Every structure is written in C-alpha cells, then in structure tokens.
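Novice: this one's structure only:
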C-alpha cells in the first residue's frame, strides 16, 4: 500500500494541500490565498474559478516539493469552509455567480422572514439550525431570485449547488465531463435543507426556500470505503487517487483531534472560532443558542452528532487590525504588540462585523470598541482583540455546559491562532481550565486525511488514530476567580452595546 494520504483543505482565506504519513506527521504542504471580494457592506464573496485554480496549483506544487506522485497516495480527503455556496452550470462548469461566503449577511431578510412567518421552529426541529444568514439555504435562494437565468437553469436541471467540497470534488473527477456531484453528511447538515434524523434532503425544507431537489448533491458518509470518485490522470494529481473522505472543516478538526467519544470537545481558531462537543449517536437539541450538527459518519456506522458554537469573527479580527487599521504588519505582530501592556486598559472590542453568531444569533449587531480613554494605545486594542477571541469562546463553552451538562476539564485547541501563545494563555485564564495544543496544529487537514485513510484501511481503526495524538503545549489558568468574573461581566456589558445597531426587516 502507498505510504501517504493527501488532504485538500479549502478554507475561507486560503487553500492548502497537505500530505501525512501513517503516524499523522506532516510530510509536505503548499498553500495559497485567494481574493476576498467585498462588493457591499455585509457582502463577502469568493471567485469559485480562482478557488479551483488555487486547489489545482497547491496539489501540483505540494507533490513536486516532496517528490511524490499520485501512486504514493493511498487516498485523498477533502475538507472545506462550510456553508459557502456555489451554484454552477453542470454542462459548462461556469459558476452562475461568485461563491457567497458563510460570513455574508445579505440574506438577513430571508432569515428574518422565515422566523416571522413561523417556520423557524420547523427548521430548528428538522435541521438543528436557526434561520440565519450563516447557512447555505438562504444563499441558494438569493442566487435563484437575483441572478438572471438562475431560476430557469435550476428548474431545467442545468444549475447545481454545492459547498466548496462539492465544487472541488466535481472538478477533480472531471467537471463537465462526468464530474461526481456529492457532499457528505457534515456539509449537508449546514444547509438548513437536511433532516438530521433521516440524513436526507427534506422536501418541506426545500419548499421553504424554493430550491429544486435536482440542484442538490448526493449525500454520502464522511468516510466512504466505496470512493466518491477518483481524480483524473490528466488532473492536478497526475494520476488516479480514490477520493474517500469529505468533512466540513470543523468536523474535520474534531476527527483530527480524535474527539471521537461523547463528552470530548475542541475549539478551532481560524477566520472564526468553532467549538464542538461530541454527543455520540444522540441528537442533543440546544436551548442555549448552539447548533445541533452531524459530527461525522464513518462508512455504514450510525451518524455521530455534536453541539457546536460558531463564532463569526476571531482570527479575521486580527486580519482587520492588519488590513483595515494598519496597526500591525502581520498576524504574529498582534502578540508582540499586545504584550506591551499588562491588561486591556479597560478596552473591550466586540467584533460583530457580521452580526453575532452563537449563542446570541443577532444579525442586528455590529462591531463596537468600548471603554476608550486618552490613556489607551494600539497595544490595548491588540490585547482587546485577543481577549475578544477568548471571551466569545467562553460564551459558547458556558452555553455548551448548560445544554449538555458537561463541564469541560480541558479544552483541546487547534488552528492558526494557537500559534499566538499570549492568546492561548488568555483563553486558559478566561475559561479557568487548561488549554492543550497538539503537535500537529493543522488538525483540519489531518482529520480529512484520517477520514480518507480509514476508508481504505490505511489506518485500520480509530485506536490507531488516537495513538498519533501528542500534546505540544499546555497553558494553565493564572487569573483568580475574581479577575475572571469581573472581566467576563464587562465583556457581557460590551456585547449589549452592539445590539440593535442595524434594522433587520
């Protein structure tokens, strides 16, 4: 058997290709960013053609850099930014519109109308999600209603939909020439269109959004011994490789962190933050503003579910300091700048650029910086930005404990922001529990590789995957209980200042 497994990680700001060995060690990677298109306030788009071109390039370069070829890969896994919506012509491969990104808020009227007309409870019961701009269903509806010819193309069966996992797999397997149109249960569970119990598209939910069933991909397991398809010999891999794993990025991180038992949780720090708690084969419905979602499904085994707290803006708030304010030249500088001060100097920054996600779900909120005085400097703002990442995670952890009855003893963390050691120390301080980072911080790609490799026997079982997990660093809380309570109370006060800022019909 070949000695490696490949993974495509198609993320919000970049696409990377990574190669792992049997021990879960990274042996190669290549990564490229893509353009963030911001045509109007609250609108966020990507060019799907650029995403596919970047995907092709990172695969080819990643293999070339390591001197490997398609024959060296036992399987390929795909993980992706969830909810980001692509609608394209299956005959030409041409997107009908730019990809509408998960952060985009243009569908706020669609979401609020569903709630106002009494459909919110139906969506929560069947899909485990609240009507919100975050999810794919409203984005598909917007394209069908606002792009010339889109509705007609969909009714003819020519226009098809997918999140970026479907888009990448379709292109890898031939595109207009026989490309496979599939997704997995984790991505399907983020659309507001799939019933969590049947694991199939639901006609009642489709009718609420006016979406023809013919647009939708076939829903598969996250790890499939029968390949979804194979890469083409004339494609970027330069040979046939079975594509056997698909996981939405946050579920992929759960698998990469081997949070495979009920009660295990992880927090991924990327563009946004996503905390998931494994609830096993039991569907736990949230009363505290969390999402009920599919965690993964391996082969023909029963689906495993999770509670999730999704936070829209965390790492992207650091990008905002860099790109919009220009007070840092790179993400790493946020740590050195924040270390210039001992505390936040009374400044709290709530980065509600796209409204507030879990546990608030307030699309009327917008970002606010409060507590400013002449004393404050850019270092205080940098510190407040890191604290915002951590306070938002506490919001979610508290809601998770309320819904599940599980109080975390330790939090496993991963993603780019975990390289910021000050931020991780603040996270331990805010939560009052240890924070643990694994040796392989890019657990999203690793999870996709695990799903793909498990399907073909590269890893014989999940116990082998567990043996690969090793801790890189642990942060112990240093704040007193009084410090923690005071700081969090002020954070909650700051959150209240962001509400009711924009009118939502």
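Specialist: Alright, I've got the coordinates. Keep in mind that this is a model prediction, so the values were computed, not measured.
Novice: let's verify residue 214: helix, strand, or coil?
Specialist: Using DSSP: H, G, I helix; E, B strand; the rest coil as the criterion, the local structure at residue 214 reads helix.
Novice: my guess is it meets residue 158, correct?
Specialist: No. Taking contacts as CB atoms under 8 Å, residue 214 lies outside contact range of residue 158: 9.4 Å. Bear in mind the C-beta positions are built from the backbone N, C-alpha and C, glycine included.
Novice: so which of those two has more stuff around it?
Specialist: residue 158 (18 against 13; other CB atoms under 10 Å).
Novice: give the contact list for the more buried one.
Specialist: 89-91 (CB atoms under 8 Å, 6 or more residues apart in numbering).
Novice: okay, and the beta partners of residue 159?
Specialist: Following DSSP bridges, residue 159 is listed with bridge partners residue 89.
Novice: that one: neighbouring residues, count only.
Specialist: Residue 159 has 26 nearby residues by other CB under 10 Å.
Novice: and what of residue 375?
Specialist: 9.
Novice: pretty sure it sits against residue 345.
Specialist: Yes. At 6.1 Å, residue 375 and residue 345 qualify as touching, with contact defined as CB under 8 Å.
Novice: TSV for the contacts of residue 158, including distance to residue 364, pLDDT and neighbour count?
Specialist: Output for the contacts of residue 158, formatted as TSV (distance: CB to CB, whole Å; pLDDT from 0 to 100; neighbours: other CB atoms under 10 Å):
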residue	distance to residue 364	pLDDT	neighbour count
89	36	97	16
90	38	97	17
91	41	96	12
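Novice: out of those, the closest to residue 205 would be?
Specialist: residue 90 (22.6 Å; CB to CB).
Novice: residue 181 is in contact with the closest one, correct?
Specialist: Yes. Applying CB under 8 Å, one finds residue 90 in contact with residue 181, separated by 7.3 Å.
Novice: now for the two: what residues contact both?
Specialist: Shared contacts of residue 90 and residue 181, counting by CB under 8 Å, 6+ apart, come down to residue 160.
Novice: shaky segments in the stretch 251-400 of the chain?
Specialist: Across the stretch 251-400 of the chain, nothing is flagged by pLDDT under 70.
Novice: now do the contacts for residue 50.
Specialist: 34-35.
Novice: buried ones in stretch 340-357?
Specialist: Judged by neighbour count (16 or more other CB atoms under 10 Å), stretch 340-357 contains these buried residues: 341, 344-345, 347-357.
Novice: now for it, what's the gap between its first and last residues?
Specialist: 31 Å (CA to CA, to the nearest Å).
Novice: do the same with stretch 94-110
Specialist: Using CA to CA, the two ends of stretch 94-110 sit 26 Å apart.
Novice: okay, buried residues for it please.
Specialist: So, applying 16+ other CB under 10 Å, buried residues of stretch 94-110: 95-108, 110.
Novice: repeat for stretch 252-261
Specialist: Under 16+ other CB under 10 Å, the buried positions of stretch 252-261 are 252-260.
Novice: ok, stretch 207-214 next?
Specialist: Buried, per 16+ other CB under 10 Å, within stretch 207-214: 208-209, 211-212.
Novice: now do it: everything it contacts.
Specialist: Residues contacting stretch 207-214 (CB under 8 Å, 6+ apart): 110, 114, 119, 122-123, 137-138, 140-141, 144-145, 154-155, 157, 160-161, 192-193, 201, 203, 206.
Novice: what of stretch 362-377?
Specialist: Contacts for stretch 362-377 (CB under 8 Å, 6+ apart): 105, 108, 111-112, 132-133, 313, 340-341, 344-353, 355-356, 381, 384, 490, 494-495, 497-504.
Novice: what kind of secondary structure is the residue in the chain sticking out farthest from the centre in?
Specialist: Within the chain, the residue lying farthest from the chain centre (CA atoms, centre = their mean) is residue 374, at 38.1 Å. Put simply, residue 374 is coil when judged by three-state DSSP.
Novice: where does it fall, phi/psi-wise?
Specialist: Note on residue 374: backbone dihedrals following degrees, to the nearest 10 are phi -60, psi -20.
Novice: what about it, distance to residue 233?
Specialist: Going from residue 374 to residue 233 by CB to CB, to the nearest Å gives 66 Å.
Novice: picking up where we left off before, what about the contacts of stretch 207-214, which are in helices?
Specialist: Among the contacts of stretch 207-214, DSSP state H puts 110, 114, 122-123, 137-138, 140-141, 144-145, 154-155, 203, 206 in helices.
Novice: hmm, which of those are the buried ones?
Specialist: Buried members of the ones in helices among the contacts of stretch 207-214, counted by 16+ other CB under 10 Å: 110, 114, 123, 137-138, 140-141, 144, 154, 206.
Novice: for the closest residue to residue 70 other than its chain neighbours, grab the count of nearby residues.
Specialist: Sequence neighbours aside, residue 239 is the residue nearest to residue 70 in space, at 2.8 Å (criterion: CB to CB, 6 or more residues apart in numbering). For residue 239, the number of neighbouring residues by other CB under 10 Å comes to 16.
Novice: now do the contacts for residue 239.
Specialist: The contact partners of residue 239, taken as CB under 8 Å, 6+ apart, are 69-71, 231, 233.
Novice: show me which of the residues you listed are buried.
Specialist: Buried among the contacts of residue 239 by 16+ other CB under 10 Å: 70, 231.
Novice: if we can go back for a sec, how about a markdown table for the contacts of residue 158, with distance to residue 31 added?
Specialist: Formatted as a markdown table, these follow (distance: CB to CB, whole Å):
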| residue | distance to residue 31 |
| --- | --- |
| 89 | 29 |
| 90 | 29 |
| 91 | 32 |
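Novice: show me which of the residues you listed is closest to residue 327.
Specialist: Nearest to residue 327 among the contacts of residue 158: residue 89, at 43.7 Å, using CB to CB.
Novice: the closest one and residue 96 touch, don't they?
Specialist: Yes. Residue 89 lies in contact with residue 96 (CB under 8 Å); the separation is 6.5 Å.
Novice: any shared contact partners between the two?
Specialist: Residues touching both residue 89 and residue 96 (CB under 8 Å, 6+ apart) are 153, 159.
Novice: how about stretch 226-233: buried residues?
Specialist: Of all the residues in stretch 226-233, those buried under the rule 16+ other CB under 10 Å are 227-232.
Novice: distance of residue 306 from residue 230?
Specialist: Counting by CB to CB - residue 306 and residue 230 are separated by 30 Å.
Novice: typo on my end, residue 323
Specialist: 40 Å.
Novice: could the buried residues of stretch 207-214 be laid out in a markdown table, adding distance to residue 427?
Specialist: Formatted as a markdown table, the buried residues of stretch 207-214 follow (distance: CB to CB, whole Å):
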| residue | distance to residue 427 |
| --- | --- |
| 208 | 38 |
| 209 | 37 |
| 211 | 39 |
| 212 | 44 |
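Novice: would you mind putting the residues you listed into CSV with pLDDT, distance to residue 76 and secondary structure alongside?
Specialist: Shown next, in CSV, are the buried residues of stretch 207-214 (pLDDT from 0 to 100; distance: CB to CB, whole Å; DSSP: H, G, I helix; E, B strand; the rest coil):
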residue, pLDDT, distance to residue 76, secondary structure
208, 96, 35, helix
209, 97, 32, helix
211, 97, 29, coil
212, 97, 30, coil
